[in-house]
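K.L.:
after the sequence you'll find the predicted model.
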Amino acid sequence: MQKTRKSVAKRFKLTATGKLVRRTPGFRHLLGAKSTKAKRRASRDKLVAPGHAAPLLRCLPFGL
């Protein structure tokens, strides 16, 4: 039986076209020290690079 890796399922989301989306790290604390530009860019989700996405997609056999 294939099982979903829950650690991967919590950190990544699968888009409708099958790409993986991740959150930007370092956005939970010390926000006063970060510039407005950095905070604005960090608030957006980012796509996972194709080379990193392949093994992660194997951890999500049923999608999300």
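P.N.:
Received it, and whenever you're ready, just let me know what you need. None of these values were measured; they are calculated from a predicted model.
K.L.:
could you use CA atoms for every contact and neighbour count after this?
P.N.:
Will do.
K.L.:
mind listing what's buried in stretch 50-64?
P.N.:
Neighbour counts using 16 or more other CA atoms under 10 Å place 53, 56-57, 59-60 of stretch 50-64 among the buried residues.
K.L.:
please name the bridge partners of residue 14.
P.N.:
Counting by DSSP bridges, residue 14 is bridged to residue 20.
K.L.:
near it, how many other residues are there?
P.N.:
The tally of other residues near residue 14 (other CA atoms under 10 Å) stands at 16.
K.L.:
the one 3 residues further on now?
P.N.:
By other CA under 10 Å, the residues close to residue 17 number 6.
K.L.:
quick check, it in a strand?
P.N.:
No - the assignment for residue 17 (DSSP: H, G, I helix; E, B strand; the rest coil) gives coil, which keeps it out of a strand.
K.L.:
which stretches of the protein form strands?
P.N.:
Applying DSSP state E to the chain gives strands spanning 12-14, 20-22, 46-47.
K.L.:
what is the second one packed up against?
P.N.:
Packing partners of strand 20-22 (3 or more CA pairs under 8 Å, 6 or more residues apart in numbering; DSSP states H and E): strand 12-14, strand 46-47.
K.L.:
buried deepest among those, which one?
P.N.:
Ranked by mean neighbour count, the helices and strands packed on strand 20-22 are led by strand 12-14 with a mean of 19 (mean count of other CA atoms under 10 Å).
K.L.:
quick one: mean pLDDT for it?
P.N.:
Mean pLDDT, strand 12-14: 95.
K.L.:
what's it in contact with?
P.N.:
Applying CA atoms under 8 Å, 6 or more residues apart in numbering, the contact partners of strand 12-14 are 20-23, 63-64.
K.L.:
give me the pLDDT value at residue 64.
P.N.:
For residue 64, the pLDDT comes out at 75.
K.L.:
list the contacts for it?
P.N.:
Applying CA under 8 Å, 6+ apart to residue 64 gives the contacts 9, 13-14.
K.L.:
run through the helices of the protein in chain order.
P.N.:
6-11, 36-42, 50-58 (DSSP state H).
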